[in-house]
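Asker: have a look at this prediction, sequence included:
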Amino acid sequence: MPISFWLIAVMVWLLWAVAARQLMAGPRGDVESGLVWRVLRVYARVMHRARFDGLDNLPRSGSAGPLLVVSNHTAGVDPVLVQAACPFFIRWMMAKDMKLDALGWLWAWTEIITVDRDGREVVAAREALRHLEGGGVIGIFPEGTLERPPRSVMPFLPGVGLIVKRAGVRVLPVIIEGTPQVDPAWGSLWRRSRSVVTFKPVIDYAGSGLKPHEIADDLRRRYVEWTGWPARDPPKDLFPGGKGK
């Protein structure tokens, strides 16, 4: 065969190798998740005109975990927007009643940790702790429900403090605003918006001496200070068992 053929073949191979390497730079280090991650980034920019602030606060050196990503909860699109900005894989904790049965394959692929709102959260907490102990990253919405009205800070469930305390992990706070305020929550995935996702500096509670509920309260206080939004309490019967939030 002519030399030109081999030169073209080598060039094509090199281009594929470079492209594959770039794709594998995704959250899980494989081509599949790399492709999905890049699609999410394009989706966030085009559909939601997302602006990402505080990217310098994202862990950059080595593995991001163990790390707990904590975010306020505005819409169903929230975890998509946060993951689009993070080059590391986040396993999200999600309320059971938020999971659509038709998307079972998606929940399995993203390794969602299901949380029951009936007070039996032990199984979910144990799974989250195991993942953190293995050096992974967990994402959680400590408000436990969508912020209604928007731009307000609901009470933080003590479970977030329990995970931080038992796992001894750092916390990456995230503030989301500007997402579509629609029902059902997943309707926000196909509604345009001008969303803003802000990453605050990582917090390390190691050696603080704070108890789990005090960690949750401290995080909520910080969110109120950062945003200037009012702190609101939901009806006491919002969650089964009278746990309030």
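Answerer: Here it is on my side, so go on. Residues are numbered from 1 along each chain as shown.

Asker: give me the packing partners of the longest strand seen in the chain, helices and strands only.
Answerer: Of all the segments of type strand in the chain, defined by DSSP state E, the longest one is strand 170-177. Packing contacts for strand 170-177, counted by 3 or more Cβ pairs under 8 Å, 6 or more residues apart in numbering; DSSP states H and E, involve strand 67-71, helix 78-85, strand 196-199, strand 203-204, helix 212-227. All C-beta spots, glycine's among them, are computed from the backbone N, C-alpha and C.

Asker: could you redo the last one with a cut-off of 10 Å?
Answerer: strand 67-71, helix 78-85, strand 137-140, helix 158-167, strand 196-199, strand 203-204, helix 212-227 (3 or more Cβ pairs under 10 Å, 6 or more residues apart in numbering; DSSP states H and E).

Asker: okay, the angle between the last one and strand 170-177?
Answerer: Interaxial angle of helix 212-227 relative to strand 170-177 (axes from the mean of the first three to the mean of the last three Cα atoms, to 10 degrees): 40 degrees.

Asker: what does helix 212-227 contact?
Answerer: 70-72, 142-143, 151-166, 171, 173-175, 177, 198, 200, 203, 205, 208, 210-211, 229-231, 245 (Cβ atoms under 10 Å, 6 or more residues apart in numbering).

Asker: again, 6 Å this time
Answerer: Around helix 212-227, the neighbours that count as contacts under Cβ atoms under 6 Å, 6 or more residues apart in numbering are 153, 156, 158, 160, 161, 162, 164, 165, 205, 231.

Asker: follow-up on the earlier one: the longest strand of the chain vs helix 78-85, what angle?
Answerer: Going by the same axes, to 10 degrees, strand 170-177 makes 110 degrees with helix 78-85.

Asker: which residues sit against strand 170-177?
Answerer: 67-72, 74, 78, 82, 196-200, 202-204.

Asker: just the buried ones from the residues you listed, in ChimeraX syntax?
Answerer: Selection of buried members from the contacts of strand 170-177 for ChimeraX, criterion 16 or more other Cβ atoms under 10 Å:
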select :67,68,69,70,71,72,74,78,82,196,197,198,199,200,202,203
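
Asker: so how far is the longest strand of the chain from its chain's centroid?
Answerer: Distance, stretch centre to chain centre, for strand 170-177: 9 Å (Cα atoms, centre = their mean, to the nearest Å).

Asker: C-alpha coordinates for that strand, PDB please?
Answerer: Extracted C-alpha coordinates of strand 170-177, given in PDB (Å, rounded to 0.1, in the frame of the first residue of the first chain):
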ATOM      1  CA  ARG A 170     -15.600  17.600  53.900                       C
ATOM      2  CA  VAL A 171     -18.700  19.500  52.600                       C
ATOM      3  CA  LEU A 172     -19.000  21.300  49.300                       C
ATOM      4  CA  PRO A 173     -21.900  23.700  49.500                       C
ATOM      5  CA  VAL A 174     -23.900  24.600  46.300                       C
ATOM      6  CA  ILE A 175     -26.400  27.300  45.800                       C
ATOM      7  CA  ILE A 176     -28.900  27.000  42.900                       C
ATOM      8  CA  GLU A 177     -31.300  29.700  41.700                       C
END
